[in-house]
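>>> sequence and predicted structure are below.
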Amino acid sequence: MELNKIKNQSSAFSANLTVLQRIDQSIKSIVGHATHVSVYVFTTEWERKDVEGALFIVERSNYPHHQIIIMNRQNMNNMTQAVSDKLKLDVNQYLMFQSEEPCEYGSQITVSTAHGIWFHSDEERDNISSILTKIVQECREKLKIEKSDSFEANYSPGIASNIIEAISSTEVKNKKPIVLSKGQLKETLEELIQDDLFIDMLHMKYLARAVRKESTL
């Protein structure tokens, strides 16, 4: 019985991969799958889109090297979202995401729009969330390495050494913890407000709270 189950799963996997490759020849493999999901989008409140069906995380030979694809059962417009270092994730009852990369739905293309995905299975939601988190972390680590390599290629290591030596020297002389004045604290907060990553983080936390609040009503 177990052997037949494995064979059936393998056959279904091969069939799904064949269908996806007909849509996009760049797809190499399927790295994650959920049997049924529904999509919501946040404008001033959460609204359900006419997108529901099987969700796949695929690996591609071209950029983006990973992508979310939802095979829409409502109409012919499938939904795709690139998975890169720019993808921000949060999980509660839904898997919520937001990205500077375009989210495509037929001829509609949105950027930096908050989406929520409802999963029929909590286990599948947690599994997909884990896979996406790992891919995003790998993308960010790769980007850090590339930036580090670029820095080393364009700047003399002596400059970094001089900066570190100057900071160390200042710490030894002061021998006191650094305390920000009211003005310095204000300047720091103003800089944070201008930081898109900081604002995106606060926005995702706000959306997560909005979902929790709606679920208790």
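Received, thanks.

>>> report how many residues lie close to Ser112.
Counted by other Cβ atoms under 10 Å, the residues lying close to Ser112 total 15. C-beta here means a position set from N, CA and C on the backbone, and glycine is covered the same way.

>>> then Lys49?
Summarising burial for Lys49: neighbours were counted as other Cβ under 10 Å, giving 18.

>>> from Ala54, how far out is Ala15?
Distance check for Ala15 against Ala54: by Cβ to Cβ, to the nearest Å, it reads 12 Å.

>>> what's near enough to touch the residue positioned nearest the centre of the chain?
Closest residue to the average C-alpha location of the chain: Leu87 at 2.6 Å, with Cα atoms, centre = their mean. By Cβ atoms under 8 Å, 6 or more residues apart in numbering, Leu87 lies in contact with Gln81, Phe97, Gln98, Ser99, Glu101, Leu132, Val136.

>>> restricted to helices, list these.
Counted as lying in helices by DSSP state H, out of these, are Leu132, Val136.

>>> report the contact partners of the closest residue in space to the residue nearest to the centre of the chain that isn't next to it in sequence.
Closest residue to Leu87 apart from its sequence neighbours, by Cβ to Cβ, 6 or more residues apart in numbering: Ser99 at 4.6 Å. With contacts defined as Cβ under 8 Å, 6+ apart, Ser99 is in contact with Gln81, Ala82, Ser84, Lys86, Leu87, Lys88, Val111, Ser112.

>>> kindly reformat these as TSV containing secondary structure.
Supplementary listing: the contacts of Ser99 in TSV, determined by DSSP: H, G, I helix; E, B strand; the rest coil:
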residue	secondary structure
Gln81	strand
Ala82	strand
Ser84	coil
Lys86	coil
Leu87	coil
Lys88	strand
Val111	coil
Ser112	coil
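
>>> can you tell me how far the closest residue to Val136 other than its chain neighbours sits from Glu100?
Distance criterion Cβ to Cβ, 6+ apart; nearest residue to Val136, sequence neighbours excluded, is Leu87 at 5.2 Å. Leu87 sits 9 Å away from Glu100 when distances are taken as Cβ to Cβ.
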